[in-house]
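Engineer: output the structure for:
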Amino acid sequence: MTLTRERTNVFVDRRRRADELVKAYPYAAEPLRLYRALLDPQEAVFDNAREVRPAAGDLVAYVVSSSLPQIMGAVMTAGTELLRETVLLRFHDGDLEAMIRAWLAGESEGEADAFLARSATAPVLEALPEVAATLKQGDDDRRCPVCGGLPQVSVFTDSGDPLVTGVRQLVCARCAAEWPFPRLVCVSCRAAGGAQQPILADEARLPHIRLDACDVCRAYIATVDIRRDPRAVPLVDEIVALPLDMIAADRGYRKISRNVMGF
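Structural biologist: From the prediction side, this is the model:
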């Protein structure tokens, strides 16, 4: 869960930020509009999960019956024609519970499956950290301390004091929990600082976002600097880092965890 504010505010913040970014970054307008369309059903799922509180053993069935139909409805309204067709085929022909289980295990068979499963399951895990905790296997500071998921984005926080450097937080791709992680250490392999960790940035277009890459393991993660844009919402702003993602791919780096839009 977020460590600095109440969860009840996150969907308001995400909607507000998605609307701002659509205007500021036209190249990302299509994925941002789809993401924005998901937020209303995700908030409804989040609220319902907190009220119903399904047990961990009922998580997959609950997602399929209570969350997935709402997510599919949003996709049918705001998704591309190809995505709508894929969703319809998946709904009629696929094993939806197997799709959710595969995503929870990190074994999704395709981008559409990962998108649907993540969009439907993440708000439930975010609402119920005690259920998310049942997914965790072992202790590794590179993974979420709540659910054991991979990090989606890194955040440089604002300490409020110009003489004090803010902490670095990682945000989980599965349940949106946050946890601290050293600044000059690779999130993938723990290599430390120096020339082996290049920074990919575009100061003109994306002054508050950069990619922290690693030449040891060839992985990277996007970092959102709250000091440079206090209105930023990391999970939303990370979507507009697409130009940097393309540069990273051209240079042979792989993203630690793709975002919900698949890049």
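
Engineer: mind listing the strands in the stretch 101-250 of the chain by residue range?
Structural biologist: Counting by DSSP state E, counting those that start in this stretch, residue ranges of the strands within the stretch 101-250 of the chain are 151-156, 168-172, 178-180, 199-201, 209-213, 219-225.

Engineer: now distance to residue 32, mean neighbour count and mean pLDDT too, for these, in TSV please.
Structural biologist: Where you see a C-beta, it was placed from the backbone N, CA and C, and this is true even at glycine. Output for the strands of the stretch 101-250 of the chain, formatted as TSV (distance: least, Cβ to Cβ, whole Å; neighbours: other Cβ atoms under 10 Å; pLDDT from 0 to 100):
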stretch	distance to residue 32	mean neighbour count	mean pLDDT
strand 151-156	15	24	97
strand 168-172	18	23	97
strand 178-180	22	17	97
strand 199-201	21	15	96
strand 209-213	14	24	97
strand 219-225	15	24	97
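
Engineer: what's the closest of those to residue 104?
Structural biologist: strand 168-172 (13.0 Å; Cβ to Cβ).

Engineer: residues contacting the closest one, please?
Structural biologist: The contact list for strand 168-172 (Cβ atoms under 8 Å, 6 or more residues apart in numbering) reads 3, 144, 146-147, 149-157, 177-183, 187, 221, 223, 234-235.

Engineer: so what are the sheet partners of it and their directions?
Structural biologist: strand 151-156 (antiparallel), strand 178-180 (antiparallel) (DSSP bridges).

Engineer: indicate which one of these is closest to residue 28.
Structural biologist: Once the strands paired with strand 168-172 are compared by Cβ to Cβ, strand 151-156 is nearest, at 15.0 Å.

Engineer: show me the contacts for the residue sitting nearest the centre point of the chain.
Structural biologist: What sits nearest the mean C-alpha location of the chain, by Cα atoms, centre = their mean, is residue 173, with 4.1 Å. Taking Cβ under 8 Å, 6+ apart, we find residue 173 in contact with 118, 149, 150, 151, 152, 257, 259.

Engineer: at 7 Å what do you get?
Structural biologist: 149, 150, 151, 152, 257 (Cβ atoms under 7 Å, 6 or more residues apart in numbering).

Engineer: now the second one: closest residue in space, sequence neighbours ignored.
Structural biologist: Of all residues not flanking residue 150 in the chain, residue 257 sits nearest, at 4.2 Å (Cβ to Cβ, 6 or more residues apart in numbering).

Engineer: wait, is the one you found part of a strand?
Structural biologist: No - under the criterion used here (DSSP: H, G, I helix; E, B strand; the rest coil), residue 257 is coil, not part of a strand.

Engineer: distance of it from residue 132?
Structural biologist: When distance is defined by Cβ to Cβ, to the nearest Å, residue 257 is 16 Å away from residue 132.

Engineer: which one of those two has more residues nearby?
Structural biologist: Legend: neighbour count by other Cβ atoms under 10 Å for residue 257 and residue 132, higher for residue 132 (27 against 17).

Engineer: quick one, what contacts that one?
Structural biologist: So, once contact is read as Cβ under 7 Å, 6+ apart, residue 132 ends up touching 125, 146, 147, 175.

Engineer: just the pLDDT for it.
Structural biologist: Per-residue confidence (pLDDT) for residue 132: 97.

Engineer: before we move on, the earlier item: for the residue nearest to residue 150, phi and psi?
Structural biologist: phi -150, psi 120 (degrees, to the nearest 10).

Engineer: would you confirm that it contacts residue 154?
Structural biologist: No - Residue 257 lies out of contact with residue 154 (Cβ atoms under 7 Å); the separation is 11.2 Å.

Engineer: ok, residue 54 - how many residues close by?
Structural biologist: Neighbours around residue 54, by other Cβ under 10 Å: 19.

Engineer: and the one 4 residues further on, by the same measure?
Structural biologist: A count of nearby residues for residue 58, using other Cβ under 10 Å, gives 13.

Engineer: list the buried residues of the lowest-mean-pLDDT helix or strand in the chain.
Structural biologist: Within the chain, confidence by mean pLDDT, DSSP states H and E is lowest for helix 81-93 among all helices and strands, at a mean of 84. Buried residues in helix 81-93, counting neighbours by 16 or more other Cβ atoms under 10 Å, are found at 83, 86, 87, 90.
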